[in-house]
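>>> got a predicted structure here, sequence first:
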Amino acid sequence: MTPAQARRLAVEASHALAAGGQGDMVWGHTAVRDPEGRGIWIKAPGWGLEEVRDDRLQLVSYDAELVLGDGAPHKECHIHLEVLRASPDVRCTVHTHAVSAIAFAALDVPLLPLSHEGALFGGDDVPRFRDTGGLVSTPELGRRLARTLGDAPAALLPKHGLVSAGPTVAAAVMHAVLLDRACALQLRAQAAAGGPVVHSDTAEARAKRDQCWPASQLEAGYRYLLRRAATTP
């Protein structure tokens, strides 16, 4: 991969996240690892995900310094820098303020495999970063978040949002979208009298994760979001 290709992926990932309902005005961001090891490609502050273009990207070093682009780095660039530093196999990271994820995290109940989306975690609860409900604005907080995420596809940040990661841009974006959809479905079930009673056991959830979410299906979902972004006025 070349830096130009990484830049293109950072733009595409932003548009796909917007098409997947992950936007929050100008807040939230995705980052793609620079193939030359210089840091991350991330949108400049002040732009919505759907507004990202090549000339609205920054290259931010692992010391959180601006290498290329305009303005100052995002205060929460440490989310991406530290997750990528901790996980060499991860190419892309996402942080958004997805509404259903925030609402569900406020309930402080386990995420159940009620659906294909919920099976993404194989019957295990989604990790939760509880060290702060504010901005992840320091390297130390970024390192703690990276430890919380571990090798899970995504984590909730109660009172804040979500973070996801993946070995491809498609995986990182889809992990964020699928987590928010799983949270939305459980919120609807929780609103019913008695709450959810039917869901996959651990064995079925793990089987569904392998069956429903191989790399090919994550890529297919991502390509759909890109097509949707391209046709959205």
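Structure received. Residues are numbered from 1 along each chain as shown.
>>> the protein: strands as residue ranges?
Applying DSSP state E to the chain gives strands spanning 29-33, 40-43, 57-60, 66-68, 92-96, 154-157, 161-166.
>>> got CSV for those, with mean neighbour count and mean pLDDT too?
C-betas here are computed from N, CA, C, even on glycine. As requested, the strands of the chain are exported to CSV (neighbours: other CB atoms under 10 Å; pLDDT from 0 to 100):
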stretch, mean neighbour count, mean pLDDT
strand 29-33, 28, 98
strand 40-43, 28, 98
strand 57-60, 24, 98
strand 66-68, 15, 98
strand 92-96, 29, 98
strand 154-157, 25, 98
strand 161-166, 28, 98
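>>> looking at those strands, which is nearest to residue 120?
strand 154-157 (7.7 Å; CB to CB).
>>> returning to that earlier point: show me the one of the strands of the chain that comes nearest residue 102.
That would be strand 161-166 among the strands of the chain, by CB to CB, at 6.1 Å.
>>> which helices and strands does that closest one pack with?
In terms of contacts (3 or more CB pairs under 8 Å, 6 or more residues apart in numbering; DSSP states H and E), strand 161-166 is packed against helix 77-86, strand 92-96, helix 99-107, helix 139-149, strand 154-157, helix 169-191.
>>> can you tell me which of those is most buried?
Neighbour counts (mean count of other CB atoms under 10 Å) averaged over each of the helices and strands packed on strand 161-166 peak at strand 92-96, with a mean of 29.
>>> each with direction, which strands does that strand pair with?
Sheet pairing for strand 92-96, assigned by DSSP bridges, gives strand 29-33 (antiparallel), strand 161-166 (antiparallel).
>>> now the last one and helix 139-149, what's the angle there?
Pointing back at strand 161-166 there. With axes from the mean of the first three to the mean of the last three CA atoms, to 10 degrees as the basis, strand 161-166 and helix 139-149 are set at 70 degrees to each other.
>>> same thing with the shortest one?
Angle of strand 29-33 versus helix 139-149, following the same axes, to 10 degrees, is 90 degrees.
>>> where does this structure dip in pLDDT?
For the chain, no stretch has pLDDT under 70.
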